[in-house]
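In: curious how this folds, go ahead:
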Amino acid sequence: MGQDPELLRPALFVSEARAMLVVPHDPAWARAFTAEAQAIGAALEGPLIALHHIGSTAIPDILAKPIIDMLAEVRDLADLDQAAPALVALGYQAMGEFGIPGRRYFRKEDAAGTRIHHLHAFAQGSPHVVRHLAFRDYLRAHPARAADYDALKQRLAADPDHYVERKGPFVLATEAEALAWSAERGGY
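Out: As a prediction, this is how the structure comes out:
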């Protein structure tokens, strides 16, 4: 997306609360998703309908925290809750809804304690599935809008305490555009 070569180096931004690493897109993220998706697919064979790579690591040419975000569509959340021990056996922490009704959130860290995967699970037909997929696909199809997001993330990464909060207005506006775009194309 025409990033300044100086920006292509990983950037570590530190606050008293935590450090934030934001890096240029890495094609290896797609392979990491595929490998993890195979393990999750085997663990959730019954309730799983589909598993999607979402978030910034799924959008080429934009900066991202190197954490693979995944979205699981499941037949029923109760069935997923019953299968959650299989995800725990893969190293995931089960976090429940974690602030979003109708979601099951799981996170995984590597041996060093670095977060490497987020798994957001919703029942088939949830509007959350549609909004996540529309946002991802819209940014993939609209490189100029993705470049805007990339520039915003670069600016905001210097303030990790407000990173999520301050990118919120852009995400909500882009999500609305993405949902309209998706509806014009027949939706999901």
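
In: next, give phi and psi for Ala121.
Out: With angles defined as degrees, to the nearest 10, Ala121 sits at phi -120, psi 140.

In: also Leu119?
Out: phi -120, psi 120.

In: contacting residues for it?
Out: Residues near Leu119 by CB atoms under 8 Å, 6 or more residues apart in numbering: 40, 70-72, 87, 92, 105-108. Every residue, glycine included, has its C-beta placed from N, CA and C.

In: now go through these and say which are in strands.
Out: 70-72, 92, 105-108 (DSSP state E).

In: packing partners of the helix of greatest length in the chain?
Out: Counting residues, the longest helix found in the chain (DSSP state H) is helix 163-184. Judged by 3 or more CB pairs under 8 Å, 6 or more residues apart in numbering; DSSP states H and E, helix 163-184 is in contact with helix 127-141, helix 143-156.

In: pick the most buried one from those.
Out: Ranked by mean neighbour count under mean count of other CB atoms under 10 Å, those are led by helix 127-141, which reaches a mean of 19.

In: next, the angle from that one to helix 163-184.
Out: Interaxial angle of helix 127-141 relative to helix 163-184 (axes from the mean of the first three to the mean of the last three CA atoms, to 10 degrees): 90 degrees.

In: centre of the chain versus helix 127-141, how much separation?
Out: From the chain centre to the centre of helix 127-141 is a distance of 11 Å (CA atoms, centre = their mean, to the nearest Å).

In: give me the residues contacting it.
Out: By CB under 8 Å, 6+ apart, the residues outside helix 127-141 that reach it are 52-55, 58-60, 62, 71, 73, 100, 102-103, 120, 122, 145-146, 149, 171, 174-175, 177-179, 181-182, 187-188.

In: CA atoms only for it, dumped as PDB, please.
Out: Output of helix 127-141 as PDB, limited to C-alpha atoms (Å, rounded to 0.1, in the frame of the first residue of the first chain):
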ATOM      1  CA  PRO A 127     -25.100 -10.700  12.800                       C
ATOM      2  CA  HIS A 128     -21.600 -10.700  14.300                       C
ATOM      3  CA  VAL A 129     -20.500 -13.200  11.700                       C
ATOM      4  CA  VAL A 130     -21.700 -11.000   8.900                       C
ATOM      5  CA  ARG A 131     -20.100  -7.800  10.300                       C
ATOM      6  CA  HIS A 132     -16.700  -9.400  10.800                       C
ATOM      7  CA  LEU A 133     -16.700 -11.000   7.300                       C
ATOM      8  CA  ALA A 134     -18.000  -7.900   5.600                       C
ATOM      9  CA  PHE A 135     -15.400  -5.700   7.300                       C
ATOM     10  CA  ARG A 136     -12.500  -8.100   6.200                       C
ATOM     11  CA  ASP A 137     -13.800  -8.500   2.700                       C
ATOM     12  CA  TYR A 138     -14.500  -4.800   2.200                       C
ATOM     13  CA  LEU A 139     -11.000  -3.800   3.200                       C
ATOM     14  CA  ARG A 140      -9.500  -6.500   0.900                       C
ATOM     15  CA  ALA A 141     -11.600  -5.200  -2.000                       C
END
